[in-house]
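>>> Turn this into a structure:
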Amino acid sequence: MNKRTQAQLKKQLEQLRDQLNQEFQHLSENNLNRSQRDSTGDLSGYSYHMADVGTDSFGREMELNIASNENKRIRQIEEALERLEEGTYGTCESCEGKIAVDRLKAIPYTRLCIECARKSEKKY
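Numbering: from 1, shown residues only. Below is the predicted model of the structure:
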């Protein structure tokens, strides 16, 4: 992989990381750091319908899952940036072959070449 392609991929990784960090911060500020009472706008001390409680709980659980997935991708991106600095970026961690540039452009934080990724997915 030439230096120009490497610089483009680094920029893509940094932009993706920044975007995910913004989304994670927005999600945290607007949803995860608020109590269930605050998020529903319920100002009374009275309980409300069980279906409403279930819907609100489901929504909060979904937001937590989204936040967890975004946080995982941010870590993967940070690790990819570290591999760039170490000079191991673009090398498959399974077979130690080169990862195709097209694959890196599609999923810049990938650790596996397409063949090893397919094998890994078949296991599950």
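
>>> Contacts only, for Lys10.
By Cβ atoms under 8 Å, 6 or more residues apart in numbering, Lys10 lies in contact with 81, 84. Every residue, glycine included, has its C-beta placed from N, CA and C.

>>> what comes up buried for the host helix or strand of it?
Counting by DSSP states H and E, the secondary-structure element that holds Lys10 is helix 3-27. Burial within helix 3-27, assessed by neighbour count using 16 or more other Cβ atoms under 10 Å, is assigned to 6, 9-10, 12-13, 16-17, 20, 24, 27.

>>> Nearest to Asp102 among those?
Lowest distance from Asp102 to the buried residues of helix 3-27 (Cβ to Cβ) belongs to Leu9, with 11.4 Å.

>>> In contact with that closest one: list those residues for me.
Per Cβ under 8 Å, 6+ apart, neighbours of Leu9: 84, 89, 104-105, 108.

>>> Show the pLDDT at it.
Note for Leu9: predicted pLDDT of 96.

>>> go on, the one 10 residues further on?
With respect to pLDDT, Gln19 has a value of 94.

>>> what comes up buried for stretch 73-86?
So stretch 73-86, judged by 16+ other Cβ under 10 Å, has buried residues 74, 76-77, 80-81, 83-84.

>>> An error on my part: the question was meant for stretch 109-123.
For stretch 109-123, by 16+ other Cβ under 10 Å, it's 109-113, 116-117.

>>> Among the residues you listed, which pair sits farthest apart?
Across these (Cβ to Cβ), the longest gap, 15.1 Å, separates Tyr109 and Cys116.

>>> For the buried residues of helix 3-27, give me TSV that also has distance to Ala100.
Listed next are the buried residues of helix 3-27 as TSV, based on distance: Cβ to Cβ, whole Å:
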residue	distance to Ala100
Gln6	14
Leu9	12
Lys10	17
Gln12	15
Leu13	17
Leu16	19
Arg17	22
Leu20	24
Phe24	29
Leu27	33
